[in-house]
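Chemist: please work out how this folds:
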Amino acid sequence: MRDKHDEFFLREFVKRWTNQKVASRWFSRFFYYLDRYHIIRWSLPSLKDVCLTNFRDLAYIKVSSKVRDAIISLIDLEREGEQIDRTLLKSVLDILVEIGMGKMKCYEDDFEVHMLEDTVAYYSQKASNWILEDSCPDYMAKAEECLKQEKERVSHYLQSSSEQKLMKKVEHELLFVYESQVLEKEHSGCHALLTDNKVEDLSRMYRLFCRTPRGLDTIIQIFKKHVTAEGVALVKQAEVAASDKKVFVRRVIELHYKYLTYVTDCFMHHSLFHKALKETFEVVCKGIARSSSAELLASFCDSIVKKSRSCEELSDEAIEEILEKVVKLLAYASDEDLFAEFYRKKLANRLLFDKSDNEDRVRSVLTKLKRQFGGWFTRKMERMVTDLTLARENQASFESYLNSNPHVSPGFDLTVTVLSTGFWQINKSIDLNLPAEMVKCVDVFKEFYQMKNKHRKLTWIHSSGTCIINGNFEPKTTELMVTTYQASVLLLFNASDSLSYSEIRTQLNLSDDEVVRLLHSLSCAKYKVLNKEPNTKTIGPNDYFEFNSKFTDRMRRIKIPLPHVDEKKKVIKDVDKERQYAIDASIVRIMKRRKVLDHQQLVMECVEQLSRSFKPDFKGIKKRIEHLINMDYLERDKDKPNIFRYLA
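Modeler: Here you go, the predicted model:
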C-alpha cells in the first residue's frame with residue numbers, strides 16, 4: 001500500500017481490506033470448532049476480531065494519516081467542482097467504522113476531526129473572497145449551494161453522525177462570521193431587498209440566517225425599521241396633503257398586506273416577524289388628524305359596504321379581498337372593542353336609513369369579524385341585522401292590518417322599524433311633543449302592536465325618524481325630506497304665521513342645543529324654508545321665525561340636513577364605561593378563584609384576560625380595584641397593603 005498515492009492508494013487500501021475480510025471468513029470456517037466452543041470456553045476473542053485487530057495494528061495504523069489525507073484531498077476536489085468516486089470514499093469511511101469494532105472512535109479521531117478543520121479553513125478562505133466580490137444575493141446563493149452540497153456529501157459517503165457537526169462549521173464560516181456585513185451590505189443588503197421587493201432573495205435570506213444564533217434578530221430589526229419608515233412616510237404624506245382619510249387607510253391596508261405576505265411567504269409565519277409587524281402597524285395605525293385606527297378602519301369598512309355604486313369598477317371578489325385585508329389589519333390594533341362600537345354605530349345608521357345596497361356584503365363583513373375575533377365581537381351586530389329582517393316582516397303585517405281596517409288609517413304613509421333594546425347604538429329620544437298629525441300615527445301603530453305583543457313596551461326614538469312633507473310655497477310645492485324633529489318644527493307653522501324661539505322650544509319640549517340645531521338647519525343653512533328676524537347666521541333666544549312662502553328650488557324634492565354632530569366622544573365614553581365593567585368582572589373572576597392575591601399578580605392576570613379585546617391601563621385597573629374595595633368585593637390585608645382578599 002505504501003507505493004500507492006491519493007485515489008490509487010485508497011483503492012489499494014480497500015482491496016487489501018476486502019482480501020482480509022475474505023481470509024477472515026475462511027479462517028472462521030476452517031477453525032469452526034475452535035471458534036464455536038474453545039474460544040467461548042476460555043473467553044478468548046473470536047477469530048474475526050483477531051483478524052480485524054491484526055489488520056488495524058499491522059496495516060491501518062501505519063497508513064492512517066495517508067488514508068485521512070487522501071480522503072480530505074478528494075473532498076476538497078469535489079468542493080471545487082471536480083468529479084470523484086463517491087463509492088470509493090463510502091467504502092473507505094465504512095472501513096474506518098468497522099475497524100472501530102462497533103465504536104466511532106477510529107472514524108472520529110482519525111478522520112472526522114481533521115476533516116472538520118479542513119472544512120473550516122476551506123470555507124473561511126472562500127467566504128473572505130466572496131464578501132468582497134459579491135452582492136448580498138450572490139453571496140447568499142453561493143452559501144446556500146455550499147450548504148446543500150455538504151448535506152448531500154453526508155448522505156453519499158460520510159456518516160450521519162457527522163452531519164450536524166459539519167453543517168455547524170460551514171454555517172459558522174459562511175453565515176455567522178459575515179452576518180452583519182452580508183445583511184447590511186450597501187445597495188444589496190436586507191434593506192435593499194425589501195425596497196426592491198426581492199421575494200426570492202428574502203426567502204433565501206430567512207432560510208440561511210435562521211440557522212445562526214442572532215441572524216433573525218438583525219433581519220427583524222431591519223424589517224421593522226424599513227416598514228415603520230414606509231408607514232410613517234404615508235402618515236406624513238397624508239397630513240401634508242390633507243388627503244382623504246379613506247385614501248390613507250387604503251394605502252395602509254396595501255402596505256400591511258404587502259409585508260404580511262413577506263411574513264407568511266418569505267419568513268415562514270415566524271412569530272417574531274408577526275410581532276415586529278404588529279408593533280410597526282400599531283405605530284402606523286395611530287391614525288391621522290387625531291383619528292384612532294379603530295375609527296379609521298370602521299369608517300373605511302362602512303364606506304366599502306355602503307357605497308356599492310362607487311365601487312362598481314370593483315368586482316365582488318375584489319371587495320371581499322379588501323374587506324379580508326381590513327380585518328387582518330384590525331387584528332394588530334389594540335382597541336378592537338372601540339372598532340366594534342364605531343362600526344356598530346355606522347352599521348346602525350346604514351341599516352336604518354337604507355344606505356347599504358348589498359345585504360350579503362354586510363353579512364360578509366360580520367362573518368369575517370366573527371372568524372377573526374369570535375362570536376362575542378359580532379353578537380350585537382348580528383342581532384341588528386336580524387332585527388331589520390323582523391322589522392320588515394312587522395311592517396308588512398302593519399300594512400295588511402291597515403288595508404283590512406280602513407277606519408284606523410293614520411292619514412298618510414307610515415313606516416315603523418321596531419328594534420330590540422340594548423343592541424343598537426341610538427341616542428335615546430327626548431320627550432318630544434309631537435304635532436297632532438304624528439300623535440295619531442303613534443296611536444294607530446301602538447294599537448296594532450299591542451294586539452300582537454301584549455307584554456312588550458314601545459319606546460319611540462324620534463331622533464332617528466325621518467319624514468317627507470309638502471311645502472306649499474308660492475312658486476311651487478316642494479317635497480322636503482327632513483327629520484322628525486325638523487318636521488315637528490315646520491308643522492307648527494300650519495297654525496301660526498310667526499313664532500318666537502321660546503315658543504318653539506316650549507311647544508316642542510326640546511333642549512336649547514337641540515332647538516338651535518333645528519332652527520339653524522331651517523333658516524340659516526342652504527335651504528331657508530323659514531325666515532329669521534334678525535337676519536343673522538346665528539340663532540338667539542330673542543329671534544322670531546316665520547314661514548318663507550317665497551322659497552323655491554329647481555329640484556322637486558330636497559333633503560334638508562341637520563348640522564353634523566361628532567359622536568366620536570360619546571362612542572369613546574361608552575367604550576370606556578364598558579371597559580370599566582369588563583375590568584371589574586375580570587378582577588372579581590380572578591379573586592373568586594384565587595381568594596388571596598398580591599397587587600402585581602392581580603394586575604398581570606387581569607391584563608392577560610382582557611388583552612383579547614383591549615389593552616387595559618394599569619392605572620385604570622388600580623382605580624377599579626379601589627372601587628371594588630369600596631363596594632366590599634375585596635379587602636386589603638391589614639399587615640400587607642399590597643395583598644387583597646376576596647369577600648364572599
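Chemist: which other residues reach the helix or strand that contains L77?
Modeler: Assigned by DSSP states H and E, L77 belongs to helix 61-79. Outside helix 61-79, the residues within contact range by Cβ atoms under 8 Å, 6 or more residues apart in numbering are 1-2, 5-7, 9-10, 13, 60, 84-85, 89, 92-93, 96, 110-111, 114-115, 118, 122, 146, 149, 153. Using the backbone N, CA and C atoms, a C-beta is placed for each residue, glycine as well.
Chemist: and if we set it to 7 Å?
Modeler: With contact meaning Cβ atoms under 7 Å, 6 or more residues apart in numbering, helix 61-79 is reached by 1, 6-7, 9-10, 13, 84, 89, 92, 110-111, 114-115, 118, 122.
Chemist: do the same with stretch 452-469
Modeler: For stretch 452-469, contacts defined as Cβ under 7 Å, 6+ apart pick out 352, 426-427, 429, 432, 442, 446, 449, 479-485, 487, 490.
Chemist: please repeat the previous calculation with a cut-off of 6 Å.
Modeler: By Cβ atoms under 6 Å, 6 or more residues apart in numbering, the residues outside stretch 452-469 that reach it are 426-427, 429, 432, 479-484, 487.
Chemist: just stretch 184-197 next, same as before
Modeler: Counting by Cβ under 6 Å, 6+ apart, stretch 184-197 makes contact with 135-136, 183, 201-202, 219, 222, 226, all of which sit outside it.
Chemist: just put those residues in a markdown table and tack on neighbour count.
Modeler: Supplementary listing: the contacts of stretch 184-197 in a markdown table, determined by neighbours: other Cβ atoms under 10 Å:
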| residue | neighbour count |
| --- | --- |
| S135 | 16 |
| C136 | 25 |
| L183 | 21 |
| D201 | 22 |
| L202 | 22 |
| I219 | 26 |
| I222 | 18 |
| H226 | 18 |
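Chemist: L175: which of the residues you listed is nearest?
Modeler: L175 lies nearest to L183 out of the contacts of stretch 184-197, by Cβ to Cβ, at 9.9 Å.
Chemist: what sits against the closest one?
Modeler: So L183 contacts 189-190, 218 (Cβ under 6 Å, 6+ apart).
Chemist: one more time with 8 Å
Modeler: Contacts of L183 by Cβ under 8 Å, 6+ apart are 136, 189-190, 205, 209, 215, 218-219, 222.
Chemist: by pLDDT, give me the weakest of the residues you listed.
Modeler: By pLDDT, G215 ranks lowest within the contacts of L183, coming in at 87.
Chemist: for the closest residue to it other than its chain neighbours, what are its contacts?
Modeler: Distances taken as Cβ to Cβ, 6 or more residues apart in numbering put F209 closest to G215, at 3.0 Å, once the chain neighbours are dropped. Neighbouring residues of F209 by Cβ under 8 Å, 6+ apart: 175, 179, 183, 215-216, 218-219.
Chemist: if you look at those residues, which of them are in helices?
Modeler: Those of the contacts of F209 mapping onto helices are 179, 183, 215-216, 218-219, per DSSP state H.
Chemist: still on that earlier bit, okay, buried residues for the helix holding L77 please.
Modeler: The neighbour-count check on helix 61-79 (16 or more other Cβ atoms under 10 Å) flags 63-64, 66-68, 70-76, 78-79 as buried.
Chemist: just the closest of these to N394, please.
Modeler: Closest approach to N394 among those (Cβ to Cβ): R79, at 82.1 Å.
Chemist: what separation is there between that closest one and T212?
Modeler: Separation of R79 from T212 (Cβ to Cβ, to the nearest Å): 21 Å.
Chemist: cool, and V232?
Modeler: Taking Cβ to Cβ, one finds V232 at 30 Å from T212.
Chemist: same deal with G100?
Modeler: According to Cβ to Cβ, G100 and T212 sit 33 Å apart.
Chemist: that older thread, now secondary structure and pLDDT too, for the contacts of stretch 452-469, in a markdown table please.
Modeler: A markdown table is the format used below for the contacts of stretch 452-469 (DSSP: H, G, I helix; E, B strand; the rest coil; pLDDT from 0 to 100):
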| residue | secondary structure | pLDDT |
| --- | --- | --- |
| I426 | coil | 72 |
| N427 | coil | 67 |
| S429 | coil | 62 |
| L432 | coil | 86 |
| E479 | strand | 93 |
| L480 | strand | 94 |
| M481 | strand | 94 |
| V482 | strand | 94 |
| T483 | strand | 92 |
| T484 | helix | 92 |
| A487 | helix | 94 |
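Chemist: which of those residues ranks first by neighbour count?
Modeler: V482 (27 neighbours; other Cβ atoms under 10 Å).
Chemist: isn't it up against R557?
Modeler: No: the pair V482 and R557 does not pass the contact test of Cβ atoms under 8 Å, sitting 11.2 Å apart.
Chemist: remind me which residues of the stretch 401-550 of the chain are low pLDDT?
Modeler: 427-430 (pLDDT under 70).
Chemist: same thing with the stretch 101-250 of the chain?
Modeler: For the stretch 101-250 of the chain (pLDDT under 70), the answer is 240-244.
Chemist: ok, now which ones touch the residue nearest the centre of the chain?
Modeler: Closest to where the C-alpha atoms of the chain average out (Cα atoms, centre = their mean) is A331, at 3.3 Å. Counting by Cβ under 8 Å, 6+ apart, A331 touches 372-373.
Chemist: ok, F412 - contacts?
Modeler: F412 sits next to 437, 441 when contact means Cβ under 8 Å, 6+ apart.
Chemist: assign a three-state SS to it, would you?
Modeler: Following DSSP: H, G, I helix; E, B strand; the rest coil, the label given to F412 is coil.
Chemist: relative to I587, how far out is it?
Modeler: Distance, F412 to I587, by Cβ to Cβ: 55 Å.
Chemist: same deal with L194?
Modeler: From L194 to I587 the distance is 44 Å (Cβ to Cβ).
Chemist: helices or strands up against the top helix by length along the chain?
Modeler: Ordering each helix of the chain by length in residues (DSSP H) puts helix 375-404 first. Counting contacts by 3 or more Cβ pairs under 8 Å, 6 or more residues apart in numbering; DSSP states H and E, helix 375-404 is packed against helix 336-352, helix 359-373, helix 436-452.
Chemist: check these for me and report the most buried one.
Modeler: helix 336-352 (a mean of 21; mean count of other Cβ atoms under 10 Å).
Chemist: so what angle separates the directions of it and helix 359-373?
Modeler: If you take axes from the mean of the first three to the mean of the last three Cα atoms, to 10 degrees, helix 336-352 sits at 170 degrees to helix 359-373.
Chemist: and helix 336-352 with helix 375-404, angle?
Modeler: Here the directions of helix 336-352 and helix 375-404 differ by 20 degrees (the same axes, to 10 degrees).
Chemist: state the mean pLDDT of stretch 327-343.
Modeler: Rounded mean pLDDT across stretch 327-343 is 81.
Chemist: distance between the ends of it?
Modeler: Across its full length, stretch 327-343 reaches 12 Å between end residues, using Cα to Cα, to the nearest Å.
Chemist: that's all I had, so thanks and see you.
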